[in-house]
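Novice: quick check, what structure comes out for this input:
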Amino acid sequence: MSGTGSAWGAVQASGTGTAGAFRILHVSTGNVCRSPLTERLTRHALEERLGDGRSGGILVESAGTWGHEGAPMEDHAAEVLLEHGADPEGFRGRELLDEHVIRADLVLTATRDHRAQVVSMGHSAGLRTFTLKEFTRLVRAIDAATLPDPRSAEGVVERAYALVQAAAALRGWLLAPSPEADEIHDPYGAPIPYFRSVGDEISKALDPVVTALTGVPAR
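Specialist: Numbering: from 1, shown residues only. Take a look at the predicted model:
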């Protein structure tokens, strides 16, 4: 299934996406390296935690601020995904559009510049847009016991909304040790070892986020 043209299976400024679901939008520049890696690694981690190919109502997609519309992800990115056990098949790049931001409940970007570009599009996106590594840092500080039980009727979706609200409330208090700490650098055009390091960096940042979303630690 395409990871961008179609999605995969509450803060005050939440998105207006699919009812009964929670939509995560990953954003980078070209939507052929970092955001495809992040999108597909998120999907893979959700499946691993929840089992049986389930997403818990979390829809994951991606786009690029200068997206290569219709382009496949870079070959090295696909290779790294396979090494992580994730599926690179069917991916096509997208240009970031207003409609993507409007329907997203959480926007996770590769860099602070991407975050600023998303927020500048309006749509009350500020409270639900973070760099991935910024969101990871904030999530680590949230007491999981204060979040809704993912086994409840609303399950993971309700917990996801609460997690974003809690992270937004902490943002002004937990600052990065340096601006670089919130950045994931672009591997475009780099050799495969650099892509692997970026894939590992993304996977490490996603781990506590997916644990917080699902209530299930990595195996």
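Novice: please enumerate the strands of the chain.
Specialist: For the chain, the strands defined by DSSP state E occupy 22-28, 58-64, 106-109, 129-131.
Novice: can I get those in JSON lines including distance to residue 83?
Specialist: Just so you know, the C-beta spots here come from the backbone N, C-alpha and C atoms, and that holds for glycine as well. Below are the strands of the chain laid out as JSON lines (distance: least, C-beta to C-beta, whole Å):
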{"stretch": "strand 22-28", "distance to residue 83": "19"}
{"stretch": "strand 58-64", "distance to residue 83": "19"}
{"stretch": "strand 106-109", "distance to residue 83": "22"}
{"stretch": "strand 129-131", "distance to residue 83": "24"}
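Novice: and these as TSV, adding distance to residue 182, mean neighbour count and mean pLDDT?
Specialist: Below are the strands of the chain laid out as TSV (distance: least, C-beta to C-beta, whole Å; neighbours: other C-beta atoms under 10 Å; pLDDT from 0 to 100):
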stretch	distance to residue 182	mean neighbour count	mean pLDDT
strand 22-28	14	28	98
strand 58-64	18	25	97
strand 106-109	9	29	99
strand 129-131	5	26	98
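Novice: and of those strands, who's closest to residue 93?
Specialist: Closest of those to residue 93 is strand 58-64, at 6.3 Å (criterion: C-beta to C-beta).
Novice: which strands and helices sit next to that closest one?
Specialist: Applying 3 or more C-beta pairs under 8 Å, 6 or more residues apart in numbering; DSSP states H and E, we find strand 58-64 packed against strand 22-28, helix 34-50, helix 155-170.
Novice: most packed of those?
Specialist: Stretch with highest mean neighbour count among the helices and strands packed on strand 58-64: strand 22-28 (a mean of 28; mean count of other C-beta atoms under 10 Å).
Novice: that strand to helix 34-50, inter-axis angle?
Specialist: Calculated by axes from the mean of the first three to the mean of the last three C-alpha atoms, to 10 degrees, strand 22-28 forms an angle of 150 degrees with helix 34-50.
Novice: list the strands paired with strand 22-28, with their directions.
Specialist: Paired neighbours of strand 22-28 in the sheet (DSSP bridges): strand 58-64 (parallel), strand 106-109 (parallel).
Novice: TSV for these, including distance to residue 209?
Specialist: Listed next are these as TSV, based on distance: least, C-beta to C-beta, whole Å:
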stretch	distance to residue 209
strand 58-64	11
strand 106-109	8
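Novice: looking at these, which is closest to residue 164?
Specialist: That would be strand 106-109 among the strands paired with strand 22-28, by C-beta to C-beta, at 5.3 Å.
Novice: which residues are in contact with the closest one?
Specialist: Residues outside strand 106-109 that contact it (C-beta atoms under 8 Å, 6 or more residues apart in numbering): 22-28, 38, 101, 115, 118, 125, 128-132, 135, 160, 164.
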